[in-house]
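J.: heads up, no residue letters with this:
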Ligand SMILES: Cc1ncc(COP(=O)(O)OP(=O)(O)O)c(N)n1
Ligand SMILES: Cc1nc(C(=O)O)sc1CCOP(=O)(O)O
Ligand SMILES: [Mg+2]
């Protein structure tokens with residue numbers, strides 16, 4: 001519980017606690033566990049809910065089956081209220097020192113499981129709950145599915161005890177619609193007391209700060225990795241994970257992939273010739289490409305959201321030729337086959353495009369690759385592909401396109417610039433002349449935009465002003 005509160009505080013949340021059991025424990029052993037009476041449990045829950053409604057409820061060890069039932073009844077009521085909290089359960093069965101804390105029976109847990117947005121078992125807890133040892137990817141998925149069938153919204157199997165993954169620590173997220181893997185190097189330390197509680201509390205806090213689940217897990221894992229690296233012995237057993245604030249070092253973040261992604265080793269896409277791509281207009285016709293090149297633009301994108309036709313091929317062919325004449329960096333959006341065929345400077349792909357495109361073919365053809373991202377997890381997925389640049393969007397609200405994600409804002413953009421760790425970066429979404437200095441102050445290498453140029457009453461003047469402002473920012 002101390003680890004929970006330190007985590008919530010360190011990540012910018014406010015934590016309140018409900019005690020389910022009094023334990024006598026230290027870093028070496030747990031010598032007593034005494035579940036609190038149900039009336040005490042329920043009075044604590046009511047006291048907090050009537051005063052400070054939570055954004056998320058993180059549950060840890062529960063004393064016995066009657067507590068699980070009482071808590072499930074309370075949370076069922078909470079879930080029916082207007083601002084239902086997210087519910088995350090870290091089903092603690094054993095303390096880090098190895099002592100048994102609670103028995104976990106699936107039948108007892110059923111009323112709670114169906115209320116959960118996320119459950120975060122380690123390998124032992126998953127086996128105790130489901131009767132299935134996660135000894136490989138297949139048995140892990142079968143075991144996780146047992147919990148999903150009981151109604152849990154998603155399962156995050158923590159990789160600390162999944163020894164078959166070798167030097168890598170892999171955390172597996174499985175929901176009915178999404179399957180992800182978070183991979184980190186194992187941190188070699190005996191001082192990991194409180195890791196499980198810290199991980200779940202970090203996820204809960206970051207979700208409350210309005211990050212999506214993939215980002216919350218990425219940030220929580222980075223928080224754990226930096227905490228393990230900074231952990232020191234305090235008592236006679238394993239020392240506690242250190243609580244060191246919002247993670248910012250790129251090396252602490254896990255790699256992120258969809259389980260459907262095909263692992264692929266290569267030395268990196270052809271680099272762009274500058275760390276800073278400068279002003280980067282994104283336009284939808286050959287006529288715009290011609291005008292922009294004439295006004296001095298040297299990085300641009302042809303983004304025609306249409307199926308492949310001979311007319312489209314002709315437009316792209318002419319644009320590629322104009323780009324080459326002007327010695328410009330012209331990226332072709334989506335149409336990677338045509339870009340290869342026509343020898344374009346580069347291709348831009350989004351996260352969904354990555355699943356369809358033949359990345360190896362783009363790489364072998366020597367084309368540059370830009371990848372769109374919308375948060376920590378997507379950045380980590382993109383980084384693993386070693387692209388020529390990473391686009392960071394959408395920074396401000398945009399009218400150009402319906403976005404499933406929320407605007408990121410400048411504070412997050414600053415963090416993302418640190419996270420890309422030297423890969424050229426491009427900010428996109430709602431960027432206008434008035435916002436150039438603020439965006440440039442984040443250290444991002446380029447600004448991409450559509451409507452600031454295409455809907456301007458005098459586009460040529462706006463482009464010249466944008467070029468000048470970027471230069472001086
Ligand atoms: C520079 C830049 N950033 C992001 C995008 C968006 O790409 P994607 O997510 O694939 O969406 P579509 O543009 O294809 O609708 C981009 N095109 N350029
Ligand atoms: C095409 C596109 N991709 C985005 C992303 O975030 O991936 S935002 C965007 C539209 C940008 O248009 P405007 O400059 O008019 O806001
Ligand atoms: Mg696309």
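T.: Arrived safely, thanks for sending. Note that the structure is a prediction, hence the values are computed from the model and not measured. Ligands and ions are numbered 1, 2, ... in the order given.
J.: contacts, neighbours, all on C-alpha from now
T.: OK.
J.: Who are the contact partners of residue 187?
T.: 225, 228-229 (CA atoms under 8 Å, 6 or more residues apart in numbering).
J.: Apart from its chain neighbours, what residue comes closest to the closest residue to ligand 1 within the chain?
T.: Nearest residue of the chain to ligand 1, counting by CA to the nearest ligand atom: residue 350, 3.1 Å away. Excluding the flanking residues, the one nearest residue 350 by CA to CA, 6 or more residues apart in numbering is residue 372, at 4.7 Å.
J.: Distance of the one you found relative to residue 393?
T.: 7 Å (CA to CA, to the nearest Å).
J.: before we move on, what about residue 365?
T.: 27 Å.
J.: can you check residue 218 too?
T.: For residue 218, the distance to residue 393 - CA to CA - is 18 Å.
J.: Verify the contact between residue 452 and residue 431 for me.
T.: Yes. At 7.0 Å, residue 452 counts as touching residue 431 under the criterion of CA atoms under 8 Å.
J.: Neighbour count for those two, which is higher?
T.: Neighbours per residue (other CA atoms under 10 Å) separate residue 452 from residue 431, with residue 431 holding more: 23 against 20.
J.: So the more buried one, which state does it fall into?
T.: Counting by DSSP: H, G, I helix; E, B strand; the rest coil, the backbone at residue 431 sits in coil.
J.: Isn't it up against residue 446?
T.: No. The pair residue 431 / residue 446 is not scored as a contact, 11.0 Å apart, by CA under 8 Å.
J.: follow-up on the earlier one: show me the contacts for the residue of the chain closest to ligand 1.
T.: Contacts of residue 350 (CA under 8 Å, 6+ apart): 334, 371-373.
J.: can you narrow the residues you listed to ones near ligand 1?
T.: Among the contacts of residue 350, proximity to ligand 1 is found for 334, 372 (CA under 6 Å from any ligand atom).
J.: Most widely separated two among the contacts of residue 350?
T.: 334 and 373 (14.6 Å; CA to CA).
J.: Filter the contacts of residue 350 down to just the ones in strands.
T.: Applying DSSP state E to those, the entries found in strands are 371-373.
J.: what's the distance between the host helix or strand of residue 380 and the middle of its chain?
T.: Secondary structure from DSSP states H and E places residue 380 in helix 376-384. Offset of helix 376-384 from its chain centre (CA atoms, centre = their mean, to the nearest Å): 8 Å.
J.: Let me know the average pLDDT across the helix or strand following it.
T.: Per DSSP H and E, the first helix or strand lying C-terminal to helix 376-384 is strand 389-392. Here strand 389-392 scores 98 as its mean pLDDT.
J.: repeat for stretch 188-198
T.: Stretch 188-198 comes out at a mean pLDDT of 90.
J.: now swap in stretch 347-361 and tell me
T.: 97.
J.: One more: stretch 37-55?
T.: Here the average pLDDT along stretch 37-55 is 97.
J.: And for stretch 302-316?
T.: On average, stretch 302-316 scores 96.
J.: do stretch 240-247 as well
T.: Here the average pLDDT along stretch 240-247 is 96.
J.: neighbouring contacts of that stretch?
T.: 6-7, 10-11, 191-195, 219, 222-224, 226-228, 230-234.
J.: Give me the buried subset of those residues.
T.: 6-7, 10-11, 191-195, 219, 222-224, 226-228, 231-232 (16 or more other CA atoms under 10 Å).
J.: Might you enumerate the residues of the protein proximal to ligand 2?
T.: So the chain meets ligand 2 at 372, 393-394, 398-401, 428-431, 449-451 (CA under 6 Å from any ligand atom).
J.: In CSV, list these along with distance to residue 281.
T.: Shown next, in CSV, are the residues of the chain next to ligand 2 (distance: CA to CA, whole Å):
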residue, distance to residue 281
372, 15
393, 14
394, 15
398, 15
399, 16
400, 13
401, 15
428, 10
429, 11
430, 12
431, 11
449, 5
450, 6
451, 9
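J.: Would you verify that residue 184 is located in a helix?
T.: No. Looking at residue 184 with three-state DSSP, it is strand, so not inside a helix.
J.: hang on, isn't it packed against residue 166?
T.: No. Under the criterion of CA under 8 Å, residue 184 makes no contact with residue 166, lying 11.0 Å away.
J.: higher neighbour count, these two?
T.: residue 184 (20 against 10).
J.: Tell me who's in contact with the more buried one.
T.: 168-170, 253-255.
J.: Next one: the closest residue to it other than its chain neighbours, what pLDDT does it get?
T.: Spatial nearest neighbour of residue 184, chain neighbours left out: residue 254 (4.7 Å); criterion: CA to CA, 6+ apart. Looking at residue 254, its pLDDT reads 98.
J.: Kindly report the same for residue 102.
T.: 59.
J.: separation between the residue nearest to residue 350 and residue 14?
T.: For residue 372 relative to residue 14 (CA to CA), the value is 33 Å.
J.: More neighbours: those two, which one.
T.: Comparing residue 372 with residue 14 by other CA under 10 Å, the one with more neighbours is residue 372, at 24 against 13.
J.: Tell me what that one is bridged to.
T.: Counting by DSSP bridges, residue 372 forms beta bridges with residue 391.
J.: Run through the residues that contact it.
T.: 348-351, 390-393.
J.: mind running it again at 10 Å?
T.: Going by CA atoms under 10 Å, 6 or more residues apart in numbering, residue 372 touches 348-354, 378-379, 382, 389-394, 426-428.
J.: And for residue 325?
T.: 293, 319.
J.: and this protein, which of its residues are near ligand 3?
T.: Applying CA under 5 Å from the ion, we find that the chain lies next to ligand 3 at 334, 349-350.
J.: Need the contact partners of the host helix or strand of residue 410.
T.: Residue 410 belongs to helix 409-420 when elements are defined using DSSP H and E. Residues from elsewhere that reach helix 409-420 (CA under 10 Å, 6+ apart): 247-253, 373-376, 379-380, 382-383, 389-397, 408, 423-427, 429, 438-445.
J.: what do you get if the cut-off is 7 Å, keeping everything else the same?
T.: 248-250, 383, 395-396, 425, 439, 442-444 (CA atoms under 7 Å, 6 or more residues apart in numbering).
J.: Going through the residues you listed, which ones are buried?
T.: 248, 250, 383, 395-396, 425, 439, 442, 444.
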